[in-house]
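1. structure for this input, please:
(chains A and B)
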Amino acid sequence: MAAEALKSDFGGKAHIALNDPKLRANFRRAMDGLMTKRAAQFADADEWNALRARGAAVRARALAQLPELLERLEARCQANGIQVHWAETTAEANAIVLGILQAAGAKRVIKGKSMVTEEMHLNAHLEAHGIAAVESDLGEYIIQLAGEAPSHIVMPCIHKNKVEIAELFADKIEGQAYTENVDELTAAARKALRGRFADADAGISGVNFAVAETGTLVLIENEGNGRLSTTLPPLHIAVTGIEKVLEKLEDVPPLLSLLPRSATGQPITTYVNMITSPRKAGEKDGPKAVHLVLLDNGRSRVYGDSELSDTLRCIRCAACMNHCPVYTRVGGHTYTFTYPGPIGKILTPQLEGLDCAGDQPHASTLCRACADVCPVQIPIPDLLVRLRTEAVHPSATAGVKGGGSAQSLSESLGWRGYTAMYGSPLIYRVVTRLMGLFGNWVPASAPMLKQWTSVRTKPKFAAKSLHQLAREKGFSHD
Amino acid sequence: MTDTAQAQRPHTVYFFGTCLIDLFYPNAGLAGMELLQRQGLKVVFPQKQTCCGQPARNNGYQDEARMVARLQLDAFPGDWPIVVPSGSCAGMMKTHYPELFEGTPDHARAVAFSARVYELTQFLVDVLGVTLVDKGEKITVTWHPSCHSQREMGVREQPKALLRQLANVTLIENPREAECCGFGGAFAVRQAEISAAMVTDKVASIAETGAAEVLSGDCGCLMNITGAAGKSRKAFTGRHIAEFLLERCHGR
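-> So this is what the prediction gives:
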């Protein structure tokens, strides 16, 4: 398991990313393409607004009754023959998955794409116990070959261009000649993976939606690898966060429309898998056993706050990162933890703690591009501000991990100075006057101004404030 | 403009100048006030006004934000519209004051206050339905919308509609205009390198339009954009749209 305590270093990692022109070009090109494709899907603003309101309502309704729905999901799954496991921590979840595999004598695992297993660092855990897990999603396969983490939650290897993938394949896949032909590269991965599907003892996948009413696990994908991973091996283990539950089967269609259209600009994914049970008597295919692992890992703590719990509405479409001007420039690895982009900036500090990732809510201009495109209306910028607040002024009820960890005397004194100046018309008048008279004497190398003037000229204080000019021009005061 | 808007046309408006304009761009504020005056309105500038409180709010200091915001609630007691030459400060007052004062005795007052807040170009177009007559030379300009004017105030078309009324002004739209310029208040210092990368891209996209001047309704963006354009010696200048309109239509 990932025992190493990770700490966010947004500025430091951003520095590296910003100075990598290839990386920046890869992200810019990819995000431009994704934004254009999504825009084409939602050209009709009325349709978009109605659909996202529906999506948000479906998710909000599910979260409002999360504990009951999880119990219903468990009961329905068990009635359908799916074995359900609960994990409070990623360590527990890893132990459960390992236990299931060991009990079945499984040595080789084929994986469908799953961000929750990335959050668990499951592959490393299995490898440490002698079980080889091979990623079968093309993007995941590529980064597994490269020994890297995903840089995007839908397109994990979006940080690499064709040439880099061509070099990687020639280097890592036996007998593979160098080619930049995308079809040939895809065919090479397909060929390499075919055998892995065939001899896998178990398949592990994520879950997009878990329907409580019917005990159905919905899994969408474009490559068919998800279907193969969940049907070909004799054992299927699905792993998901507890927030992915939906109340009814009829809640699926609006989200099935919103998710791919927001993510990749596709009207629907090539494959929509709905898994309701293991192989039944008389059926010719499907796994003999299906397990569902439900991971908490801090989610129930997020759930406890009526405002922050909106974070859990997320359906992992990645539209927020595709439209984020910060993500576009620094890429996913700058975020250190599993979930990058705007959603990561609100989710990670809540899962890992503000003491580990407190810089992330501040790595935003609050431009609201994310809020504009979120298909389930998560008010990400407002939650960023809420987390900034929790970092300096922890509320007793929210209990955000690491709350209050950014408290500092100098900063709070600074804000006391702010209220002293802007909270008193008289002091404000005196200080603006002084700034007008002497402000321009401050050298460009002064603290804070130094960062500003690295690429900009020094702002120039006006000799007279608007207050003064308004008085002189005879504008009424009241 | 529609009949209803004309019927609601007020005789007096408040002007909230913003602290940034007060310190750095007073002529932009003055131009906004004169534009309103020339529409026959009485413009009231309460001398008690200071800052909307957004810097404190955005940095997580809600008590401090409330303290400063409460002073603004006090400073604008009448029921006249409050016109703001900044989408960002207007957005703070319109969309965040109600939540900022939630559960306090000032909540009802804050809700009523926020309902009176307008961004300047929004007020000129949606409420006053102004007609502009261009007296200036031929010029090409481009528009930079601030994030909060677009996404909090919903102001997207109004400023462009004003510019399109001007016969000698050619508006060239920047294909990347909707993207943030990277200012973000404390962000420009906390994540200085990312902010620098963003404004560098923004300045390049403006330069690519070939416009002689970039106009905006927010001085925070302008300080960032013109500062970066100046440092990298780009060929364009930048100004608040109020100053531009006043000069074009009234020769000042």
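
2. residue closest to the middle of the chain?
-> If you meant another chain, say so; for now it's chain A. Residue closest to the mean C-alpha point of chain A, counted by C-alpha atoms, centre = their mean, is A:Tyr339 at 3.5 Å.

3. ah, I was thinking of chain B
-> By C-alpha atoms, centre = their mean, the most central residue of chain B is B:Ser86, 2.0 Å off.

4. before we move on, back to that, the residue nearest to the centre of chain A: what secondary structure?
-> Three-state call for A:Tyr339 (DSSP: H, G, I helix; E, B strand; the rest coil): coil.

5. isn't it right next to A:Ile153, touching?
-> Yes: counting by C-beta atoms under 8 Å, A:Tyr339 sits close enough to A:Ile153 to count as a contact (6.4 Å). In short, each C-beta sits where N, CA and C put it, glycine included.

6. just to revisit the earlier point, roughly how far does the residue nearest to the centre of chain B sit from chain A?
-> Here the criterion is C-beta to the nearest C-beta, to the nearest Å. By it, B:Ser86 lies 12 Å from chain A.

7. let me see the contact set for that residue.
-> By C-beta atoms under 8 Å, 6 or more residues apart in numbering or on different chains, the contact list for B:Ser86 reads B:18, B:20-21, B:119-120, B:146, B:149, B:217-220.

8. what about chain A: which of these touch it?
-> With C-beta under 8 Å from any C-beta of the partner chain as the criterion, the contacts of B:Ser86 include B:Ile21 near chain A.

9. mind putting the contacts of B:Ser86 in TSV, neighbour count and secondary structure included?
-> Compiled in TSV, the contacts of B:Ser86 are given as follows (neighbours: other C-beta atoms under 10 Å in any protein chain shown; DSSP: H, G, I helix; E, B strand; the rest coil):
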residue	neighbour count	secondary structure
B:Thr18	29	coil
B:Leu20	22	helix
B:Ile21	27	helix
B:Glu119	30	strand
B:Leu120	32	helix
B:Ser146	27	coil
B:Ser149	28	helix
B:Gly217	31	coil
B:Asp218	31	coil
B:Cys219	28	helix
B:Gly220	26	helix
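
10. so can I have a markdown table of the contacts of B:Ser86 showing pLDDT and distance to B:Asp201?
-> As requested, the contacts of B:Ser86 are exported to a markdown table (pLDDT from 0 to 100; distance: C-beta to C-beta, whole Å):
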| residue | pLDDT | distance to B:Asp201 |
| --- | --- | --- |
| B:Thr18 | 97 | 26 |
| B:Leu20 | 97 | 23 |
| B:Ile21 | 98 | 26 |
| B:Glu119 | 98 | 25 |
| B:Leu120 | 98 | 27 |
| B:Ser146 | 98 | 16 |
| B:Ser149 | 98 | 20 |
| B:Gly217 | 98 | 21 |
| B:Asp218 | 98 | 18 |
| B:Cys219 | 98 | 20 |
| B:Gly220 | 98 | 17 |
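
11. nearest to A:Ile16, of the contacts of B:Ser86?
-> B:Gly220 (28.4 Å; C-beta to C-beta).

12. where do the strands of the stretch 101-250 of chain B begin and end?
-> B:117-119, B:139-144, B:169-171, B:213-216, B:237-240 (DSSP state E, counting those that start in this stretch).

13. any idea which of those gets closest to A:Met120?
-> With C-beta to C-beta as the criterion, A:Met120 lies closest to strand B:139-144 of the strands of the stretch 101-250 of chain B, at 44.0 Å.

14. who are the packing partners of the closest one?
-> In terms of contacts (3 or more C-beta pairs under 8 Å, 6 or more residues apart in numbering or on different chains; DSSP states H and E), strand B:139-144 is packed against helix B:158-164, strand B:169-171, helix B:192-209, strand B:213-216, helix B:219-231.

15. of those, which is nearest A:Ile165?
-> Here helix B:192-209 is closest among the helices and strands packed on strand B:139-144 (C-beta to C-beta), at 25.6 Å.

16. now that closest one: buried residues?
-> The neighbour-count check on helix B:192-209 (16 or more other C-beta atoms under 10 Å in any protein chain shown) flags B:192-203, B:205-207, B:209 as buried.

17. again, but for stretch A:218-237
-> A:218-221, A:223, A:225-237.

18. inside strands: which ones of those residues?
-> A:218-221, A:235-237 (DSSP state E).

19. what residue in the stretch 251-400 of chain A comes nearest to chain B?
-> As assessed by C-beta to the nearest C-beta, chain B sits closest to A:Thr365 within the stretch 251-400 of chain A, at 2.8 Å.

20. burial count for the nearest residue to that residue once chain neighbours are set aside?
-> Take A:Thr365 and drop its neighbours on the chain: the residue closest to it by C-beta to C-beta, 6 or more residues apart in numbering or on different chains is B:Gly184, 2.8 Å away. For B:Gly184, the number of neighbouring residues by other C-beta atoms under 10 Å in any protein chain shown comes to 27.

21. what does the one 3 residues further on give?
-> Using other C-beta under 10 Å, B:Phe187 is surrounded by 23 other residues.

22. I figured it hits B:Ser195, correct?
-> Yes: if you go by C-beta under 8 Å, B:Phe187 and B:Ser195 touch, sitting 5.8 Å apart.
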